[in-house]
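Participant: sharing a sequence plus its predicted fold:
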There are 4 protein chains.
Amino acid sequence: MKHDHKDNIQRLKTIEGHIRGIQRMLENDQYCIDVIRQIQAVQAALNKISARILDGHLNTCLLGAIEGDDPQERTRVLTEITEVFETSNKI
Amino acid sequence: MKHDHKDNIQRLKTIEGHIRGIQRMLENDQYCIDVIRQIQAVQAALNKISARILDGHLNTCLLGAIEGDDPQERTRVLTEITEVFETSNKI
Amino acid sequence: MKHDHKDNIQRLKTIEGHIRGIQRMLENDQYCIDVIRQIQAVQAALNKISARILDGHLNTCLLGAIEGDDPQERTRVLTEITEVFETSNKI
Amino acid sequence: MKHDHKDNIQRLKTIEGHIRGIQRMLENDQYCIDVIRQIQAVQAALNKISARILDGHLNTCLLGAIEGDDPQERTRVLTEITEVFETSNKI
């Protein structure tokens, strides 16, 4: 791997287990508000992973694109960052 | 079940598969921004489930807790709460 | 006023001043990231006001629309709605 | 100005007027849910401005820092972007 994603993959496995737990909560008809809180905990954990991946991206792919000599590629990479930032505001 | 959560459980199973897919993206070192976009798609799907559960909650648990005598007005007010909650997730 | 919104109006006046401050930051070409952080501070303050208004709404308008007979249970359930709404803004 | 912020400043002036309008809504005790919706519209408009400012930042300050020769400055600028991204997820 270009990036070391071991830790991020482990975090996603944990989230996978968390989501199976939420399925069981619904199967057992546990209290709705508690279920929503667990979903929100998963979302917070996903936010953390996104930020970590972005951080890695900026320090490798972005640096590579900017130091490279393809202006179109550079523009593309910069625009993508604004796009994920804008999407993150809507979620 | 007091609530019929079959559909929500199915949605969570889909999300579980989605998260396994994201793990594979990281294992295969796929493009970071594409990974972040997939995480954002999962978060949007989780927002939808939260809103659905809250909606069920207001129309059962909340109604059980509070009694009313104008059903139409009650429904309207409860729906609005769900709507603003849902909107708040997108901002 | 049915609701006492004095405090919310005062908070909005403060936000109005904050936004004028951000305009000045842009006029003086201050550092972009600092400007974005100030905008995020305004958004957090607006989230707080939304949560306060929803809280008032549930405890007056919603109660007016739905009648109940267990005041403690009613309060608890209504408070939870506000809490999840508020949490949703932070995710 | 290094950046042309005329359009962003104009957008902030519009938001300022919007917030004064929300104050009047509260003074006139208008319906809470309508007020919350207006606050959410302001937040969406602020998100748009943030994304526009970030876009400008990436194409000027960030490019400058990366093409410059101060590794510490480069790291600082990249870390800041992750930070505003992470904060945006929580708002």
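Facilitator: Looks like it came in fine. Residues are numbered from 1 along each chain as shown, chains lettered A, B, ... in the order given.
Participant: got the residues of chain A near chain C?
Facilitator: Counting by C-beta under 8 Å from any C-beta of the partner chain, the residues of chain A close to chain C are A:Ile33, A:Ile36, A:Arg37, A:Gln40, A:Gln43, A:Ala44, A:Asn47. Every residue, glycine included, has its C-beta placed from N, CA and C.
Participant: recalculate using a threshold of 6 Å.
Facilitator: Within chain A, the positions near chain C by C-beta under 6 Å from any C-beta of the partner chain are A:Ile33, A:Ile36, A:Gln40, A:Gln43, A:Ala44.
Participant: of the residues you listed, select the buried ones using a PyMOL command.
Facilitator: Buried residues among those (16 or more other C-beta atoms under 10 Å in any protein chain shown), as a PyMOL selection:
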select buried, chain A and resi 33+36+40+43
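Participant: any chance of the residues of chain A next to chain C in a markdown table, with secondary structure and pLDDT too?
Facilitator: A markdown table is the format used below for those (DSSP: H, G, I helix; E, B strand; the rest coil; pLDDT from 0 to 100):
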| residue | secondary structure | pLDDT |
| --- | --- | --- |
| A:Ile33 | helix | 83 |
| A:Ile36 | helix | 87 |
| A:Gln40 | helix | 86 |
| A:Gln43 | helix | 90 |
| A:Ala44 | helix | 88 |
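Participant: in TSV: the residues of chain A next to chain C, plus distance to chain D.
Facilitator: Supplementary listing: the residues of chain A next to chain C in TSV, determined by distance: C-beta to the nearest C-beta, whole Å:
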residue	distance to chain D
A:Ile33	20
A:Ile36	17
A:Gln40	11
A:Gln43	9
A:Ala44	8
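Participant: nearest to C:Met25 among the residues of chain A next to chain C?
Facilitator: A:Ala44 (29.8 Å; C-beta to C-beta).
Participant: which helices and strands does the helix or strand bottoming out on mean pLDDT in chain A pack with?
Facilitator: Least confident element among the helices and strands of chain A, by mean pLDDT, DSSP states H and E: helix A:63-67 (a mean of 88). Judged by 3 or more C-beta pairs under 6 Å, 6 or more residues apart in numbering or on different chains; DSSP states H and E, the packing partners of helix A:63-67 are helix A:71-89.
Participant: flag every residue of chain A that's near chain B.
Facilitator: Near chain B, when you scan chain A using C-beta under 6 Å from any C-beta, you find A:1-2, A:5, A:8-9, A:12, A:15-16, A:19, A:22-23, A:26, A:29, A:32, A:35-36, A:39, A:43, A:46, A:50, A:53, A:57, A:80, A:84, A:87, A:90-91.
Participant: please list only the buried members of these.
Facilitator: A:5, A:8-9, A:12, A:15-16, A:19, A:22-23, A:26, A:32, A:35-36, A:39, A:43, A:46, A:50, A:53, A:57, A:80, A:84, A:87, A:91.
Participant: quick one: name the residues of chain A near chain D.
Facilitator: A:47, A:51, A:54-55, A:58-59, A:66, A:78, A:82, A:85-86, A:88-89.
Participant: min pLDDT across those, which one?
Facilitator: Minimum pLDDT for the residues of chain A next to chain D is recorded at A:Asn89 (81).
Participant: so who does that residue touch?
Facilitator: Applying C-beta atoms under 6 Å, 6 or more residues apart in numbering or on different chains, we find A:Asn89 in contact with D:Asn47, D:Ser88.
Participant: please report the number of neighbouring residues for the nearest residue to A:Ile66 once chain neighbours are set aside.
Facilitator: Excluding the flanking residues, the one nearest A:Ile66 by C-beta to C-beta, 6 or more residues apart in numbering or on different chains is D:Ile66, at 4.7 Å. The tally of other residues near D:Ile66 (other C-beta atoms under 10 Å in any protein chain shown) stands at 18.
Participant: so how far is C:Ile36 from D:Ile66?
Facilitator: 19 Å (C-beta to C-beta, to the nearest Å).
Participant: please apply the same query to A:Glu16.
Facilitator: When A:Glu16 is compared with C:Ile36 (using C-beta to C-beta), they lie 33 Å apart.
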